[in-house]
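A.B. asks: Here you go, sequence then predicted model.
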Amino acid sequence: MTKTKGYYSPMPASSPPSPAPAAKPTWLQTLQVYREPASLRMLSLGFSAGLPLLLVFGTLSFWLREAGIDRTTIGFLSWVGLAYGFKWVWSPLVDRMPIPLLTRALGRRRSWLLASQAVIMFALVCMALTDPQVALAPMVWCAVAVAVASATQDIALDAFRIESADTEHQAALAATYQTGYRLAMIWAGAGALWIAARAEGPAAVAGTAALYQHGPWQAAYLVMALSMLPGVLTVLYSSEPVPAPVAPARNVREWLRGALVAPFADFLGRYGWHAALILGLIATYRISDVVMGIMANPFYVDMGFSKDEVAAVTKVFGVLMTLLGALVGGVLSLRLGVMRVLMLGAVLSAASNLLFAWLSTRGHDVSALVWVVSVDNLAGGIASSAFIAYLSSLTNVQYSATQYALLSSMMLLLPKLVAGFSGKYVDAFGYTDFFTATALLGLPVLLLVALAARAQARGPGRQL
């Protein structure tokens, strides 16, 4: 059997002798992958993908609370994030439906990328011009528009990335994508707060301004809208990936079958019973990190860490360590293979939670916080890089947008459900037991990774 683009085909009766294997590249040659045009494009597009997230979550909640919006309302408004969890619902449309005029000019992937980026920019401008203290409802609808357009951008971008390189280079593209994504989160989090603080004027910086001001937040969100421009320019100056051939539909029913049914039938048909194993691994791989992350900020507050300490260590330094982890994960995946690094990431992610259990016994110890956050974010970067590459390898390029959207949505649904009970657990048993329990949640993941790796090695005709 021979393998072409992830699929196996019969070996010809008489085959020429196999060429001698090429020499393994050096570490320096391996690192050169990050200078390739495809990797640099992913850096810019990753920035566009990461920018909207905090602007409708953490940064927006800070703004709303400063404007006097009650915490219960702010909590309900976090539901705008459901757009990211259910993006697979409209992913078949992004995968197959052309946008009038735009698709003909730019291609299937770039047209959806540009359209979603335009909506994000427009909705951010509308948020900037809306004062939540005066009218909250328009702000909510603008945030929903940003979230839906951002999720749509994710669908098109994942397909663009998968179709832009072969399987061996997916880890490197995932690493540079994450780098841009994390840099955008620093800019949309700490950067937006810094802009708003500077716009308040000398009196506010000196601490004498006690009243809420809409103007500084308006300036911050207008700058954030302009920050989408690098991604827009990247889309305009990039080449459309070579599309997979799609047979034209003869009627609406046939089109709906090809867009909605075929991607899921294809996945089940290619993997058979292995599909249950794969979906189980995807649904649980990040469970330790997600469940622990819900209680991270309350933990910092209860341990007596100040806002400045948490911002410096977790929002800036921690994100930089995540970037380093992503780059390390990309290189290791190229050298060792995705499945080995997937196992390494699972081990490190679970073990790093034990460090938080240790930190809970230290009290207010900034040095200990730096070390724990460093290890945790480094582990998370390695795990994320390998996991994205793994998800990418599972998709059929013909249905890449739909299948990747489904898989990437699944990875958060179960962890988010379990994480909802994290507060009750902490109240009942304390932080030390909670962090230990989240580490134990990672043990079944190790078994699933081992089974998936074994299935990959043994299953003929299955790409795992």
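C.D. replies: Cool, got the structure.
A.B. asks: mind listing the helices in the stretch 1-150 of the chain by residue range?
C.D. replies: 27-31, 37-55, 58-66, 71-77, 82-85, 91-96, 102-106, 108-128, 136-163 (DSSP state H, counting those that start in this stretch).
A.B. asks: Compare those helices and say which comes out lowest on pLDDT.
C.D. replies: Ranked by mean pLDDT, the helices of the stretch 1-150 of the chain end with helix 27-31 in last place, scoring a mean of 58.
A.B. asks: possible to save the helices of the stretch 1-150 of the chain as JSON lines with distance to residue 218?
C.D. replies: Placement of C-beta: from N, CA and C, glycine included. Below are these laid out as JSON lines (distance: least, CB to CB, whole Å):
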{"stretch": "helix 27-31", "distance to residue 218": "43"}
{"stretch": "helix 37-55", "distance to residue 218": "13"}
{"stretch": "helix 58-66", "distance to residue 218": "10"}
{"stretch": "helix 71-77", "distance to residue 218": "19"}
{"stretch": "helix 82-85", "distance to residue 218": "24"}
{"stretch": "helix 91-96", "distance to residue 218": "32"}
{"stretch": "helix 102-106", "distance to residue 218": "30"}
{"stretch": "helix 108-128", "distance to residue 218": "5"}
{"stretch": "helix 136-163", "distance to residue 218": "12"}
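A.B. asks: Go through those helices and name the closest to residue 404.
C.D. replies: helix 136-163 (4.4 Å; CB to CB).
A.B. asks: okay, the angle between the helix or strand following that closest one and helix 58-66?
C.D. replies: Counting by DSSP states H and E, the next helix or strand C-terminal to helix 136-163 is helix 170-186. If you take axes from the mean of the first three to the mean of the last three CA atoms, to 10 degrees, helix 170-186 sits at 20 degrees to helix 58-66.
A.B. asks: Summarise which helices and strands helix 170-186 is packed against.
C.D. replies: For helix 170-186, the elements it packs on are helix 37-55, helix 136-163, helix 318-336, helix 366-394, judged by 3 or more CB pairs under 8 Å, 6 or more residues apart in numbering; DSSP states H and E.
A.B. asks: Between these, which one is closest to residue 349.
C.D. replies: Across those, closest to residue 349 is helix 366-394 (CB to CB), at 4.9 Å.
A.B. asks: Name the next helix or strand following the closest one along the chain.
C.D. replies: helix 400-419.
A.B. asks: If you count contacts, what does that following helix end up packed against?
C.D. replies: Partner elements for helix 400-419 (3+ CB pairs under 8 Å, 6+ apart): helix 82-85, helix 91-96, helix 136-163, helix 262-271, helix 274-284, helix 287-294, helix 366-394.
A.B. asks: which residues touch stretch 36-45?
C.D. replies: 33, 113, 157, 160-161, 164-165, 169, 172-174, 176-177, 179-180, 230-231, 233-235, 238 (CB atoms under 8 Å, 6 or more residues apart in numbering).
A.B. asks: Low-confidence stretches in the stretch 201-350 of the chain?
C.D. replies: Low-confidence segments of the stretch 201-350 of the chain (pLDDT under 70): 201-210, 243-252, 255-256, 258-260, 294, 297-298, 301, 306-308, 310-311, 314-315.
A.B. asks: so how far is residue 319 from residue 170?
C.D. replies: 23 Å (CB to CB, to the nearest Å).
A.B. asks: Out of these two, name the residue with the larger neighbour count.
C.D. replies: Of the pair residue 170 and residue 319, residue 170 is the one with more neighbours under other CB atoms under 10 Å, namely 26 against 21.
A.B. asks: Next, the contact list for residue 187, please.
C.D. replies: The contact partners of residue 187, by CB under 8 Å, 6+ apart, come to 47, 51, 224, 227.
A.B. asks: Checking my notes, residue 424 in a helix, right?
C.D. replies: Yes: under DSSP: H, G, I helix; E, B strand; the rest coil, residue 424 falls within a helix.
A.B. asks: Against residue 288, how distant is it?
C.D. replies: When residue 424 is compared with residue 288 (using CB to CB), they lie 18 Å apart.
A.B. asks: what's the answer for residue 196, then?
C.D. replies: From residue 196 to residue 288 the distance is 34 Å (CB to CB).
A.B. asks: what about the two, which has more around it?
C.D. replies: Each of residue 196 and residue 288 has its neighbours counted (other CB under 10 Å); residue 288 has more, 28 against 23.
A.B. asks: Quick check, the more buried one in contact with residue 436.
C.D. replies: No: Residue 288 is not in contact with residue 436 according to CB atoms under 8 Å; the separation is 11.1 Å.
A.B. asks: Fine, thanks again, bye for now.
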